[in-house]
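1. 3D model of this:
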Amino acid sequence: MPHDARLYLGLISGTSADGIDAALVRFEPHCELLFGRTYAWDDTLRARLIALGQGGEANSLDELGELDTTLARAFADAALHAIADAGVPHEQVRAIGSHGQTVRHRPESSAPFTWQMGDGNLIAERSGITTVADFRRRDVAAGGHGAPLMPAFHAAMLRSESEDRAVLNLGGIANFTLLPRSGAVRGFDTGPANALMDAWCERHTGRAYDAGGVLAASGTVDAGLLARLLGDPWFQLPPPKSTGREQFHLPWLESQLQQADVSTADVQATLLELSAVTVADALRATQPATTRVLGCGGGVHNTALMARIAAHLPGIAVESTALHGLDPDYVEAMGFAWLARETLAGRPGNLPSVTGARGPRVLGAVYPA
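-> So this is what the prediction gives:
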């Protein structure tokens, strides 16, 4: 079998930490998702990940070391389950591209860093497959944000010569990839998408997320709360910029809740509107000639959110990447499969116009089988 005809497996657990997305992909003769599935976290482990991700502290170095190992075992198990569930011979998988789980992202600190847990050594050892991991830190070392990393993949798969496009990933955090007909690709985070809405919904209803945006649709936007949330200085920062749960979390929201009598549904409606407004404002400020927005990530299934984004972007088509051949639930996992392929081929995976790095860099560390 020709080298490029072999399969690549991408793994990612995003800001929402709702599970490990696994995507088995063939890239030759064209990009094809052969299998995609999300493998759930253990509930106790997920709670710990969310607490760490939004600024919580570890009790000891031993705890962090053991967490790194526990996460790696889970990623390796997800990889093996995906290969078995897909019914694909193990030897056909050329490599695993594992994003890991972000527990802290501080690209603008005095000593910039980003930390994705899930030891690649252990994934390679347990899976028996060459693993590429730790994709973000090389870009940070080169002066970049280490995020977002999907724009290179988006450009390879979704750019058009006939119209200006934008790919909108609605994960825990929302981010754009701007794909003009000509000129440099750009990309940046716009602020919270699902992370805040999910956290609020889970705390007050016990449900992990607001399916279809039904809770938000039952409420009314609180204009005062929305204005206070939009007043956060982060929203005024110019690209390149990136963020995560350590910036936008429940304590941040609660610090702006000046009235104790705001209903659960009204807060949910306001959080949804915050996501829609910040997405639309960012696009108008950075690529006003956009013709088409291609949505991916879990937020695509929130019909209320998609409707509000479309309402704030009149004259622009807002649609799913599914209409362009990429399953919206597995675009990021597919992207890390693609990044693993690029790394093994010795090709850069970052875009300096997106991350702010000093130049193109081959990303990730390779852990041979």
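2. confirm that L294 sits in a strand.
-> Yes - assessed by DSSP: H, G, I helix; E, B strand; the rest coil, L294 belongs to a strand.
3. partner residues bridging it?
-> V167, E319 (DSSP bridges).
4. which SS state does S98 fall under?
-> Secondary structure state of S98, per three-state DSSP, is strand.
5. looking at this structure, which helix or strand does the model trust least?
-> helix 43-53 (a mean of 86; mean pLDDT, DSSP states H and E).
6. buried set for that helix?
-> R46, R48, L49, I50, L52, G53 (16 or more other CB atoms under 10 Å). Backbone N, C-alpha and C define where each C-beta goes, glycine included.
7. quick check: the spatially most distant residue from the centre of the chain vs D222, distance?
-> Here the chain reaches farthest from its C-alpha mean at D261, the gap being 33.3 Å by CA atoms, centre = their mean. Distance, D261 to D222, using CB to CB, to the nearest Å: 11 Å.
8. over to A365?
-> 46 Å.
9. repeat that for Q54.
-> 22 Å.
10. same thing with L274?
-> 11 Å.
11. do the same with S182
-> Counting by CB to CB, the gap from S182 to D222 is 42 Å.
12. what does E32 give?
-> 45 Å.
13. higher neighbour count, these two?
-> D222 (19 against 13; other CB atoms under 10 Å).
14. list the contacts of the more buried one.
-> V262, D266, V267, A269, T270 (CB atoms under 8 Å, 6 or more residues apart in numbering).
15. among those residues, show me the least confident.
-> Minimum pLDDT across these is recorded for V262, with 90.
16. that residue and V221, how far apart?
-> V262 is 11 Å from V221, by CB to CB.
17. is P112 in contact with H105, as I believe?
-> No - look at P112 against H105 with CB atoms under 8 Å: they stay out of range, at 9.7 Å.
18. coming back round to it: now the least confident helix or strand of the chain, how far from the centre of its chain.
-> Centroid displacement of helix 43-53 relative to its chain, using CA atoms, centre = their mean, to the nearest Å, is 17 Å.
19. packing partners of that helix?
-> Where contact means 3 or more CB pairs under 8 Å, 6 or more residues apart in numbering; DSSP states H and E, helix 43-53 is packed against helix 61-86, strand 93-106.
20. and the longest one, average pLDDT?
-> Read it as helix 61-86. Helix 61-86 comes out at a mean pLDDT of 96.
21. same thing with the last one?
-> Averaged over strand 93-106, pLDDT sits at 94.
22. dump that strand to PDB, keeping only the CA atoms.
-> Provided in PDB are the C-alpha atoms of strand 93-106 (Å, rounded to 0.1, in the frame of the first residue of the first chain):
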ATOM      1  CA  VAL A  93      -2.900   2.900  10.500                       C
ATOM      2  CA  ARG A  94       0.300   4.900   9.800                       C
ATOM      3  CA  ALA A  95       0.100   7.200  12.800                       C
ATOM      4  CA  ILE A  96      -2.000   8.700  15.600                       C
ATOM      5  CA  GLY A  97      -2.200  12.400  16.000                       C
ATOM      6  CA  SER A  98      -3.200  13.200  19.600                       C
ATOM      7  CA  HIS A  99      -4.000  16.700  20.700                       C
ATOM      8  CA  GLY A 100      -4.300  15.700  24.300                       C
ATOM      9  CA  GLN A 101      -6.300  17.600  26.900                       C
ATOM     10  CA  THR A 102      -5.600  21.300  27.500                       C
ATOM     11  CA  VAL A 103      -5.300  22.000  31.200                       C
ATOM     12  CA  ARG A 104      -3.800  25.500  31.000                       C
ATOM     13  CA  HIS A 105      -3.200  27.900  28.100                       C
ATOM     14  CA  ARG A 106      -1.100  31.000  28.900                       C
END
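23. I am finished for the moment; much appreciated.
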